[in-house]
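[1] Could you work out the structure for the sequence below:
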Amino acid sequence: RLLGLGMQSEAVATEVAALEPLHAGEQVKPFTPEEAKEIVMTLQKPAVFSNMTFDWPVLRWNVTHLTSLLAGKKIVFRIGRKDTATAPLFETECEYAEATLDDFLAWSGRQQPCPSGPFSSYDLCKYWMYADYKYIDRLFEDKPEHFQDIRWSDFGFPGRSGKESTLWIGSTGANTPCHLDSYGCNLILQVQGRKRWHLYPPEDSKLLYPTRIPYEESSVFSKVNVLNPNLRQYPLFKKAQAHVVTLDPGQVLLVPRHWWHYVESIDPITVSVNSWIELDADHEVRIEEAITRTLICAIKSAENPSDTDSWLNPTEVEVTSHNTNLEYLNKAMSSYLEHQKTSVIKHQVPQMHSTDGILQES
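    Next up is the predicted model:
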């Protein structure tokens, strides 16, 4: 089934389509890959796919199973405090610790602080942990066979697997600040636990008070804490139209292009996998992003060359030089022009039709 999301409600507002099993107890995917891709590439509102992933091996990827698969590999966790502040907790304001999933499991199962280990100073009742944006091709570089546990080909993207996906592991309260992704659309599979998504349409952008600080290529953040907004400071936010959904294990959420989203883990442990799907519009957006990078790096570096922590998101490795940024801009322009030329050629190719066995040009 494909389910539409209702505004300000976790209840499903519209059931767009459903396919009944051919036989009792038989699981049948409601959409062919071609049908699913058409929905992903054209639907302009968020939607939840159900019953599309029941045979994906990745559904076994709970934290216990991942602990075994990753065999002591250390990953970086983002750490935030559970509080009721009206300001969003950006990634520049979080703490970070390197730990194994064994460490995370031990910490998440205790009500009192761990006596030792990387999380020993963080009380489970006061803090959350989030291993976010973990590229699966890096995590499993020594076990590439597990890339095939994720089968985006069922959504019409043959060859897309875990190699083009990211992994997210969090505790209760772990969250991603409200933002929009500059590129593509997003498919998210919930594997373990539940996450609550607060989504806002592109036309609500001015109501969300966009900012590029902290700077991260491809992300535009909101100045508003959508769960506890400061309406005196951001009065327009009260007009924003939230679409709220709780995503259950096995379900896939489609986040269309330029939809704002705030995401929070609402169960003790959550595991998600996602893949960003490229769109033709990305070619033009890359030019905009290259210009933004050039301007922000020039302005902020001039203000205080050594103080990058306050404005550069941790996902950005370093401040790039002006010459490097101009190279990015040049490449983005070249890619855009090449794409435009290719598109024109495609539209100029004559269409051939068959009439009584004779091919005719239209």
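[2] Now do the strands in the stretch 51-200 of the chain.
    Counting by DSSP state E, counting those that start in this stretch, the stretch 51-200 of the chain has strands at residues 75-81, 95-99, 127-135, 166-171, 175-181, 185-192, 195-200.
[3] winner for burial among these?
    strand 166-171 (a mean of 24; mean count of other Cβ atoms under 10 Å). C-beta: built from backbone N, CA, C; applies to glycine.
[4] if we can go back for a sec, so can I have CSV of the strands of the stretch 51-200 of the chain showing mean pLDDT and distance to Phe147?
    Converted to CSV, the strands of the stretch 51-200 of the chain look like this (pLDDT from 0 to 100; distance: least, Cβ to Cβ, whole Å):
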stretch, mean pLDDT, distance to Phe147
strand 75-81, 98, 18
strand 95-99, 97, 24
strand 127-135, 97, 11
strand 166-171, 98, 12
strand 175-181, 96, 23
strand 185-192, 99, 14
strand 195-200, 98, 23
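[5] Make JSON lines out of those strands and add distance to Pro158.
    What follows is the strands of the stretch 51-200 of the chain, written out as JSON lines (distance: least, Cβ to Cβ, whole Å):
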{"stretch": "strand 75-81", "distance to Pro158": "30"}
{"stretch": "strand 95-99", "distance to Pro158": "36"}
{"stretch": "strand 127-135", "distance to Pro158": "21"}
{"stretch": "strand 166-171", "distance to Pro158": "20"}
{"stretch": "strand 175-181", "distance to Pro158": "23"}
{"stretch": "strand 185-192", "distance to Pro158": "14"}
{"stretch": "strand 195-200", "distance to Pro158": "27"}
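[6] closest to Ser50 out of those?
    Closest to Ser50 of those is strand 185-192 (Cβ to Cβ; 11.0 Å).
[7] State which helix of the chain is the longest.
    When the chain is parsed with DSSP state H, its longest helix is helix 322-348.
[8] Now do it: distance to the chain's middle.
    25 Å (Cα atoms, centre = their mean, to the nearest Å).
[9] same question, stretch 189-207
    The answer for stretch 189-207 is 10 Å, by Cα atoms, centre = their mean.
[10] again with stretch 116-131
    24 Å.
[11] now the end-to-end length of stretch 146-156.
    20 Å (Cα to Cα, to the nearest Å).
[12] Quick one: mean pLDDT for the longest helix of the chain?
    Helix 322-348 carries an average pLDDT of 76.
[13] List the buried residues of that helix.
    Neighbour-count burial for helix 322-348 flags 325, 328-329, 332, 336 (criterion: 16 or more other Cβ atoms under 10 Å).
[14] Which single one of those residues is nearest to Asp248?
    Ranked by distance to Asp248 (Cβ to Cβ), these are led by Ala332 at 38.7 Å.
[15] which ones are touching that closest one?
    283, 286-287, 289-290 (Cβ atoms under 8 Å, 6 or more residues apart in numbering).
[16] can those residues go into TSV with extra columns for distance to Asp103 and pLDDT?
    Shown next, in TSV, are the contacts of Ala332 (distance: Cβ to Cβ, whole Å; pLDDT from 0 to 100):
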residue	distance to Asp103	pLDDT
His283	42	85
Arg286	38	83
Ile287	43	88
Glu289	36	82
Ala290	39	84
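[17] quick one: which of these sit in strands?
    Counting by DSSP state E, the contacts of Ala332 place none of their members in strands.
[18] List only those of the residues you listed flagged as buried.
    The buried subset of these - by 16+ other Cβ under 10 Å - is 283, 286-287, 289-290.
[19] between those, which is nearest Leu89?
    Using Cβ to Cβ, these come closest to Leu89 at Glu289, 24.3 Å.
[20] Could you pull up the residues touching the closest one?
    Contacts for Glu289 (Cβ under 8 Å, 6+ apart) come out as 182, 217-218, 332.
[21] cool, Glu216 as well?
    Counting by Cβ under 8 Å, 6+ apart, Glu216 has contacts 313, 315-316.
[22] Bridge partners for it, pull those for me.
    With DSSP bridges as the criterion, Glu216 is bridged to Ser219.
[23] circling back: for the contacts of Glu216, give me CSV that also has neighbour count and secondary structure.
    Formatted as CSV, these follow (neighbours: other Cβ atoms under 10 Å; DSSP: H, G, I helix; E, B strand; the rest coil):
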residue, neighbour count, secondary structure
Asn313, 17, coil
Thr315, 14, coil
Glu316, 17, coil
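[24] would a markdown table of the contacts of Ala332 with distance to Ala174 be doable?
    Below are the contacts of Ala332 laid out as a markdown table (distance: Cβ to Cβ, whole Å):
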| residue | distance to Ala174 |
| --- | --- |
| His283 | 34 |
| Arg286 | 30 |
| Ile287 | 34 |
| Glu289 | 27 |
| Ala290 | 32 |
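[25] In helices only, show me those residues.
    Short answer: those in helices (DSSP H) are 283, 286-287, 289-290.
[26] Tell me, what's the model's pLDDT at the closest residue in space to Arg160 that isn't next to it in sequence?
    Closest residue to Arg160 apart from its sequence neighbours, by Cβ to Cβ, 6 or more residues apart in numbering: Trp152 at 3.9 Å. At Trp152, the pLDDT value in this model is 99.
[27] got a list of what Trp152 touches?
    By Cβ under 8 Å, 6+ apart, the residues touching Trp152 are 160-161, 164-165, 187, 275.
[28] Which of the residues you listed sits closest to Glu264?
    Out of those, the member with the shortest distance to Glu264 (by Cβ to Cβ) is Leu187, at 19.1 Å.
[29] quick one: contacts for the closest one?
    So Leu187 contacts 40, 152, 155, 252-255, 274-275, 277 (Cβ under 8 Å, 6+ apart).
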